[in-house]
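A.B. asks: okay, predicted coordinates and the sequence, questions at the end:
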Amino acid sequence: MKIDTQGMSFGTEKSGKSLQEQRDAIPPLKVNKMNLISDALKVELKELINEVLDEKITKILRVGAEYERIKDHD
């Protein structure tokens, strides 16, 4: 018993095409670009993320400077 899933098996008598011919017959994938968020929201989020990162870097530098001050004092 041979199982044929919708005629997609290679070498069936129905198609008569080689595997490469079958692959070539498949049309290229059409990709529809879809933006999930607007361009304005992207800009706003980018600004917000950069602001948070700047605050984090400032805090790290401040803590590092205090550490150096304490280290030099001892």
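C.D. replies: Received the coordinates, thanks. Numbers count the residues shown, from 1 in each chain.

A.B. asks: tell me, please, the helix or strand in this structure that averages the lowest pLDDT.
C.D. replies: Sorting the helices and strands of the chain by mean pLDDT, DSSP states H and E puts helix 19-24 at the bottom, at a mean of 87.

A.B. asks: just the mean pLDDT for the next helix or strand after it, thanks.
C.D. replies: Where DSSP states H and E defines the elements, the next helix or strand beyond helix 19-24 is helix 39-73. Mean pLDDT, computed over helix 39-73, is 90.

A.B. asks: quick one: helix 39-73 to chain centroid distance?
C.D. replies: Distance of helix 39-73 from the chain centroid (CA atoms, centre = their mean, to the nearest Å) equals 26 Å.

A.B. asks: tell me what that helix is packed against?
C.D. replies: With contacts defined as 3 or more CB pairs under 8 Å, 6 or more residues apart in numbering; DSSP states H and E, helix 39-73 has no helix or strand neighbours. For glycine as for every other residue, the C-beta is placed from the backbone atoms N, C-alpha and C.

A.B. asks: figure out the helix or strand that the nearest residue to residue 25 once chain neighbours are set aside lives in.
C.D. replies: Spatial nearest neighbour of residue 25, chain neighbours left out: residue 17 (7.3 Å); criterion: CB to CB, 6 or more residues apart in numbering. Using DSSP H and E, residue 17 sits in no helix or strand.

A.B. asks: what about the least confident helix or strand of the chain, distance to the chain center?
C.D. replies: Distance, centroid of helix 19-24 to centroid of chain: 30 Å (CA atoms, centre = their mean).
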